[in-house]
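In: fold the stuff below for me.
(2 chains)
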Amino acid sequence: MRAETLKGHLDGLLLACLEAGPRHGYAIMEALRAGSGGQFDLPTGTVYPALRRLERGGLIQGTWSAEGGRQRRVYELTPAGRRTLAAERGTWREFSAAVTALLEPAPRPVTP
Amino acid sequence: MTGGPAVEAYLRAVAASMPGPRQARNDILAELRSGLLDAIDAHRSAGLAAQAATEAAITEFGHPRQVAAAFRPHLAMIQARRTALALAATGPAVGLLWIAAALASHVTIRHAPPWQWHGAPPLSPEAFRVVGVAILIAVTSTLAIIATTGKLTRWLPASPRIAATAAAAAAAAGFAVAAADLAILAVLASQLASAPGTLAPLPVAAAAAASLTRLTLARRAARNCLTARASLT
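Out: Coordinates of the predicted model:
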């Protein structure tokens, strides 16, 4: 899938990747890739700037930690991040329901 | 922690087109390095040999210029915010030092604007006007930058234009503050030339030293903001 298509949703998807618990950048990227069945395959290097922006906005909090011998910057959702994720999810449900209703062919009427 | 030569060369290429405050850049490069090492591990456990895994990781991360470009708005915001915070922190202190210097010196304060004080040097009216305008510019842009580059970011679109505006405003604030310092130092110089006896040496020296230091730092910060802004276009 093209990066352009993903653009408006990347923030929400990154927040969703952190919902289950803290993760470092590469793990977030892998979650994004695996969770989308390989559809979302961005250049990994461009996910990090998005994380920094979310951090500056106070939606996630990054801290360096030395787990497993390697220094990694681990991100977790802040309370504001959780609220934003919930709001994004609500908006997406309404939007996708409306788009599905319009784009999907109506189910064939059941013949008696 | 260092990666292999290929990883380090990649990081150098990213750093080359990514201006910004040193600490912020180093932190970003360290994070990219640790991410690349994670990617290499992932490709190795998928069965690739060491060199092929490194190449795959670097390809996966994207072209250095693309990665640097994605970081530039963030770094410009950081540069603008740092400048604004430094100006906000030092501004009142330098101002108070000059007020203390004026009070300690034998310029008679009447209920009049500073340039009409008894014993004030002839240059004062113009200089104080420059200082007034400069402070107005510096205070408004500093407050706007501090407000928009922090948590408020979450409501703003991720646009390089906003980062460029913040960097330009920070540069304006830095140059304005430097102009204010120059103007007040010019007043001091003319007073030193005409009536040095009226000045209290210690408070005046302290205020002048503070202004000179800030003049240098503010000018440098403003230039860095202009570099960051130029990198966005």
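In: give me the longest helix you can find in the chain.
Out: The chain I'm using is chain A. Longest helix in chain A by number of residues (criterion: DSSP state H): helix A:79-103.
In: ah, no, chain B please
Out: Using DSSP H, we find that the single longest helix of chain B is helix B:64-104.
In: now do whatever helix or strand comes next after that helix against helix B:64-104, angle only.
Out: Following helix B:64-104 in sequence order, the next helix or strand is helix B:124-149 (DSSP states H and E). Per axes from the mean of the first three to the mean of the last three C-alpha atoms, to 10 degrees, the angle that helix B:124-149 makes with helix B:64-104 is 140 degrees.
In: tell me which residues of the longest helix of chain A are tucked away?
Out: A:81, A:84-85, A:88 (16 or more other C-beta atoms under 10 Å in any protein chain shown). (Glycine included, C-beta is placed from N, CA and C.)
In: what's next to it, contact-wise?
Out: Surrounding helix A:79-103, the residues in contact under the criterion C-beta atoms under 8 Å, 6 or more residues apart in numbering or on different chains are A:9, A:11-12, A:15-16, A:18-19, A:54, A:58-60, A:77, B:151, B:154.
In: are any of those residues buried, and which?
Out: Neighbour counting by 16+ other C-beta under 10 Å classes A:11-12, A:15-16, A:18, A:54, A:58-60, A:77, B:154 among the contacts of helix A:79-103 as buried.
In: so how far is chain A from the residue nearest in space to the middle of chain B?
Out: Closest to where the C-alpha atoms of chain B average out (C-alpha atoms, centre = their mean) is B:Thr83, at 2.7 Å. Relative to chain A, B:Thr83 is positioned 16 Å away (C-beta to the nearest C-beta, to the nearest Å).
In: likewise for B:Gln66?
Out: Using C-beta to the nearest C-beta, B:Gln66 is found at 6 Å from chain A.
In: kindly state the pLDDT recorded for the nearest residue to that residue once chain neighbours are set aside?
Out: With C-beta to C-beta, 6 or more residues apart in numbering or on different chains as the criterion, B:Gln66 has its nearest non-adjacent residue at 6.2 Å, and that residue is A:Pro43. Model confidence at A:Pro43, expressed as pLDDT, equals 86.
In: ok, the closest residue to chain A within chain B - contacts?
Out: Closest contact between chain B and chain A, by C-beta to the nearest C-beta, is at B:Gly62 (2.7 Å). The neighbourhood of B:Gly62, defined by C-beta under 8 Å, 6+ apart, consists of A:43-46.
In: tabulate those residues (JSON lines), appending secondary structure.
Out: Formatted as JSON lines, the contacts of B:Gly62 follow (DSSP: H, G, I helix; E, B strand; the rest coil):
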{"residue": "A:Pro43", "secondary structure": "coil"}
{"residue": "A:Thr44", "secondary structure": "helix"}
{"residue": "A:Gly45", "secondary structure": "helix"}
{"residue": "A:Thr46", "secondary structure": "helix"}
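In: domain ranges for chain B?
Out: Following automatic domain parsing, one finds the domains of chain B at B:5-62, B:72-231.
In: endpoints of the longest one, how far apart?
Out: The separation between the terminal residues of domain B:72-231, taken as C-alpha to C-alpha, to the nearest Å, is 7 Å.
In: brilliant, that's me finished.
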